[in-house]
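In: sequence below, structure please.
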Amino acid sequence: MTTKFHSKAVNAPPHYTGDIECIDAMLQQFGADDVKTACVIQAFEMLWRWKAKGDADENLHKAHWWLSYALGDDPRNRDKDDHAPKPQNKWAIKTEREWDLKTGQEIK
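Out: Predicted structure coming up:
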């Protein structure tokens with residue numbers, strides 16, 4: 001079952017194409033602390049306009065996505081049927097993907 005939190009508009013919008021997602025490049029370039037701040041700012045923006053632009057519930061889910069990531073729970077790694085966050089260090093941003101930013105290739 002797909003909920004709004006797991007919808008493509010929240011987790012995989014059509015404008016997110018290519019081999020590397022922006023947030024992964026940001027993490028590699030700026031580090032976890034700066035990306036955490038950026039995520040909180042993005043969540044703030046989603047909450048600021050949640051009723052005024054587009055689907056209000058979707059905006060709340062997007063804000064939740066950003067705050068989850070800021071707390072170290074990468075929503076892209078969640079099981080689609082599991083709404084509970086996986087336990088992680090609350091101060092670290094976790095990602096299972098690493099990228100070579102010169103080639104755009106995933107480091108395995």
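
In: tell me which element L27 falls in.
Out: helix 22-30 (DSSP states H and E).

In: now the next helix or strand after that helix: buried residues?
Out: Sequence-wise, the next helix or strand downstream of helix 22-30 (DSSP H and E) is helix 32-48. Applying a neighbour-count criterion of 16 or more other C-beta atoms under 10 Å, one finds V35, K36, A38, C39, Q42, A43, M46, L47 buried in helix 32-48. All C-beta atoms are positioned from the backbone trio N, CA, C, and that covers glycine.

In: helix 32-48 - contacts with which helices or strands?
Out: Counting contacts by 3 or more C-beta pairs under 8 Å, 6 or more residues apart in numbering; DSSP states H and E, helix 32-48 packs against helix 22-30, helix 56-70.

In: which residues touch that helix?
Out: 23, 26-27, 30, 59-60, 62-64, 66-67, 69-70, 92-93 (C-beta atoms under 8 Å, 6 or more residues apart in numbering).

In: shaky segments in the chain?
Out: Residue ranges of the chain with pLDDT under 70: 1-18, 79-97, 99-105.

In: give me that answer again for 80
Out: For the chain, applying pLDDT under 80 flags the ranges 1-19, 78-108.

In: buried residues, the helix holding L27. List them.
Out: Per 16+ other C-beta under 10 Å, helix 22-30 contains these buried residues: I23, D24, L27, Q28.
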